[in-house]
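S.K.: Show me the folded form of this:
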Amino acid sequence: MDKAGRDLNEVTVTAQRPSILEKGYYRGQAAAQDAWNSPMARAYFLDKISLSFSSSVTAFAGTKTDFSINWITRGHDSQFAPYGVLTVGGQGGPQVSGDALINFSAGYYATSDMRSLQRGQARDGLLGWSTYGSADAGLGLGGSITGSVGFQDSPLVSRPTWITGGIGIGASIGGGATCGVSYSWPIVPSQFKR
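M.R.: Alright, predicted model coming up:
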């Protein structure tokens, strides 16, 4: 064997050990992530925060339209830019009312740890079918209390995704309570293709 071959056989690879500072940084980062995703943190600061504008007209049966921006606060799909969503629903119940409201809501994803979800799963859970219920009252000015549950596929027969509650205030006349089914689409489709 020539000298070049002998030199090649003598090459060894050594891995550089992380410094004490690097170890401390990674351990601190892992501890911070565990704390942020703990049940206690999720109880005080929910997985999703939303701001929306909605309008509805109901005379025992009616429709509701909602334009929302949604911030996912933890997991692979959290980001600074909110996700824009358009939701249209049909509803019915003992209610005669019309309103145009600004809504504030927050919710949980139906999982014990947001980090367990695949990338895009929480984001895509903002879309598709949901069921919801609301109670409304107003006389010129009023508001509503709303709760909803999203589903991966068909409502009530597939796994739930986002469980959300919120309040709305604004122009409102009439009152009552309704329940309904809605479907959501992306306002900016490119947000949901990454």
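S.K.: Which segments of this protein make up each domain?
M.R.: Following automatic domain parsing, one gets these domains for the chain: 17-45, 47-192.
S.K.: Mean pLDDT added to these, as JSON lines?
M.R.: Rendered in JSON lines, the data for the domains of the chain read as follows (pLDDT from 0 to 100):
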{"stretch": "domain 17-45", "mean pLDDT": "84"}
{"stretch": "domain 47-192", "mean pLDDT": "94"}
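S.K.: So which of those is the most surrounded?
M.R.: Across those, averaging neighbours per residue (mean count of other Cβ atoms under 10 Å) puts domain 47-192 on top, at a mean of 17. (Each C-beta comes from the backbone N, C-alpha and C, glycine too.)
S.K.: Quick one: end-to-end length of that one, please.
M.R.: Between the opening and closing residues of domain 47-192 we find a distance of 18 Å, counting by Cα to Cα, to the nearest Å.
S.K.: Going forward, the N-terminal residue is numbered 55.
M.R.: Got it, first residue is 55 now, which makes that one domain 101-246.
S.K.: which residue is nearest the centroid of the chain?
M.R.: Geometric centre of the chain, nearest residue: K102, 4.4 Å, by Cα atoms, centre = their mean.
S.K.: what separates that one from R128, distance-wise?
M.R.: In this structure, K102 lies at 9 Å from R128, with Cβ to Cβ, to the nearest Å as the measure.
S.K.: just P148 next, same as before
M.R.: Taken as Cβ to Cβ, the spacing of P148 relative to R128 amounts to 38 Å.
S.K.: Please apply the same query to S244.
M.R.: 23 Å.
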